[in-house]
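Enquirer: no sequence on this one, just coordinates:
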């Protein structure tokens, strides 16, 4: 039971990891990707549509990445090149994405009599590793997207702290003038980073539709994009913090799903467990003291002219 | 006319048109003639009294949620949780109305319910403000998450304490007429709540621009440090602004439950929090502008619904969100265009002066 719970926790953590790692990188460059909820949703929808129409999950995942990219590029254009407010632009895009997905779902499939289904990604046990007692079945019996995330964590960490690209990204968030003086295009750095976040967010969305549920509904994301956004804050804009935060949330969500399935043990209403991840965010936000906010987070950069 | 105001009107108009035209393009995917459909919807909306009333009916809660966002925005704070505060107001409105239904005369009951919803929304908002000022918690995140918590609370109450007597659906019993907000225009659903919304919007304008509290709020918003140096207690301002903001959103719960639904239903009006944000932006957070922007969104909403009901075309109601989303995006872009135009004018002026 514990093993299946932990395995489930890890599974639920996967999309949040994609989202929060993307958000960490983006926010380190000064860009809050507030369209993340919409990016997740578009990813989930794109993944489903691609997977359903071709019958090939890989196409679905690619489609999801593309959808995330599209939203992110609109977001980037408006916030970076037109210097508009990030929270406001994000909210508008989230509404637009919600309308777009449900509308085109209808355009493509009409009103189906039975819910449209695709086969969710299968768990791939990794030979040898999955035979390790306890840990093996938790860590190495997951689906393809979770394995990618294992690779992504060190890659993001190294890229951010050990490479010149990472230094540029971090400097862009702390002191864009210096980056500009060094001859690097601030807007370009930020735009690239936002596009990257879009692709990752799309993957996260695909996890819900293609990787887990095998279907698409309008409330498939239900605020989880925002939780990824919150994890980035709570993890102190640090990939390590994001990983820890995500695992805490994934575990909460797994417990929540488990408790709902057994009817809350009779003591707590189901709604309490549904609200648990959100309550946890509030409590952690309040409890965190020393934030290491990137100095120029959310502030558009403009050269004096 | 002042060049700046001219820009404002022209760019906003173009932005709204661009949003609507793009939504029309989207309709082509359904094999529908967008011009015919839009024309038909517009004609029905303007000709049919009942539908026309609905425009203002739909605008009423949006005015409140937009004011809620605008109020904290002036203090450079973000209340993204208007939806949750609205739900809190709705819960209290339904519970209190059901309790007092038939006990008190209509007028007295409405006043009590109105005040209690205001307080209910205000408490949620004030709590967020308190966490912000006491623990320096990020208000953006806390308010965002509070919506989901209140939603869970509402679903719980609808499943248990507030569930209808029949016990069939997760909704409350219907309020009797004694608890309804009186109709404003006979033959429509439009109720006095719209007048309340307009009055409140005017009140918010006065509060923000003509009182010392409003001055303090705006001062904290434009420069927290400077306002603290001049003796404004910014922490107090955070709590006050958030309380007011929550109270405004809570009022939307009152007008929706007592004025429109006459009961509390699960998952109703899910989009008014975020639409309120869009409206506040469209109006540049000006309370008077919000009234007009909300009416525009109300009209989009009604037109979307009309299109959904048209025989033979089968347009999903998500066209409303699409229209609102497109309009918002273009309005945001229009801010950039205005900034650009303004800049160019300034540069020309300077050139002229230099040339002389």
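Expert: Here it is on my side, so go on. All values derive from a computational prediction rather than experimental measurement.
Enquirer: Go ahead and name everything in contact with stretch A:69-87.
Expert: By CB atoms under 8 Å, 6 or more residues apart in numbering or on different chains, the surrounding residues in contact with stretch A:69-87 are A:31-35, A:38-39, A:42, A:89-90, A:93, A:97, A:187, A:190-191, A:194-195, A:197-199, A:201-202, A:298, A:300, A:302, B:78, B:80, B:140, B:281, B:329, B:332-333, B:335-336, B:339. Just so you know, the C-beta spots here come from the backbone N, C-alpha and C atoms, and that holds for glycine as well.
Enquirer: Out of those, which sit inside helices?
Expert: Counting by DSSP state H, the contacts of stretch A:69-87 place A:38-39, A:42, A:89-90, A:93, A:97, A:187, A:190-191, A:194-195, A:197-199, A:201-202, B:140, B:281, B:329, B:332-333, B:335-336, B:339 in helices.
Enquirer: Now the buried members of the residues you listed.
Expert: The neighbour-count test (16 or more other CB atoms under 10 Å in any protein chain shown) applied to the ones in helices among the contacts of stretch A:69-87 identifies A:38-39, A:42, A:89-90, A:93, A:97, A:187, A:190-191, A:194-195, A:197-199, A:201-202, B:140, B:281, B:329, B:332-333, B:335-336 as buried.
Enquirer: Point out where the stretch 51-200 of chain A drops to low pLDDT.
Expert: Regions of the stretch 51-200 of chain A meeting the criterion pLDDT under 70 are absent.
Enquirer: so where do the strands sit in it?
Expert: Counting by DSSP state E, counting those that start in this stretch, the segments of the stretch 51-200 of chain A that form strands are A:123-125, A:141-143.
Enquirer: same for the last one, what does it pack against?
Expert: In terms of contacts (3 or more CB pairs under 8 Å, 6 or more residues apart in numbering or on different chains; DSSP states H and E), strand A:141-143 is packed against helix A:2-28, strand A:123-125.
Enquirer: Highest mean neighbour count out of these?
Expert: Among the helices and strands packed on strand A:141-143, judged by mean count of other CB atoms under 10 Å in any protein chain shown, the one packed with the most neighbours on average is helix A:2-28 (a mean of 24).
Enquirer: So which bits of the stretch 151-300 of chain B are right by chain A?
Expert: Within reach of chain A by CB under 8 Å from any CB of the partner chain, the stretch 151-300 of chain B has these residues: B:151-153, B:155-156, B:159-160, B:271, B:274-275, B:277-278, B:281.
Enquirer: let's go with 10 Å and repeat that
Expert: B:151-160, B:267, B:270-271, B:273-278, B:280-281 (CB under 10 Å from any CB of the partner chain).
Enquirer: Please flag which of the residues you listed sit within helices.
Expert: The helices in this structure, assigned by DSSP H, contain B:151-159, B:273-278, B:280-281 from those.
Enquirer: pLDDT weak spots in the stretch 201-305 of chain A?
Expert: Looking along the stretch 201-305 of chain A with the criterion set at pLDDT under 70, you get A:263-266, A:289-290, A:304-305.
Enquirer: ranges for the helices of it?
Expert: For the stretch 201-305 of chain A, applying DSSP state H, counting those that start in this stretch gives helices covering A:224-234, A:239-261, A:270-287.
Enquirer: same deal with chain B?
Expert: Taking DSSP H as the criterion, chain B carries its helices at B:3-28, B:34-47, B:49-74, B:82-100, B:106-135, B:139-159, B:193-210, B:212-222, B:224-229, B:234-254, B:272-282, B:287-309, B:319-355.
Enquirer: residues touching residue A:17, list them.
Expert: Taking CB atoms under 10 Å, 6 or more residues apart in numbering or on different chains, we find residue A:17 in contact with A:10, A:145-146, A:148-150, A:152-153, A:156, A:200, A:204, A:207, A:228, A:231, A:239, A:242-243, A:245-247, A:249-250.
Enquirer: Report the separation between residue A:191 and chain B.
Expert: Using CB to the nearest CB, to the nearest Å, residue A:191 is found at 16 Å from chain B.
Enquirer: correct me, but that residue touches residue A:169?
Expert: No - with contacts counted by CB atoms under 10 Å, residue A:191 stays clear of residue A:169, the gap being 11.9 Å.
Enquirer: joint contacts of the two?
Expert: When contacts are counted by CB under 10 Å, 6+ apart, residue A:191 and residue A:169 are jointly contacted by A:29, A:31.
Enquirer: Of the helices of the stretch 201-305 of chain A, which is nearest chain B?
Expert: Minimum separation from chain B across the helices of the stretch 201-305 of chain A (CB to the nearest CB) falls at helix A:270-287, 3.6 Å.
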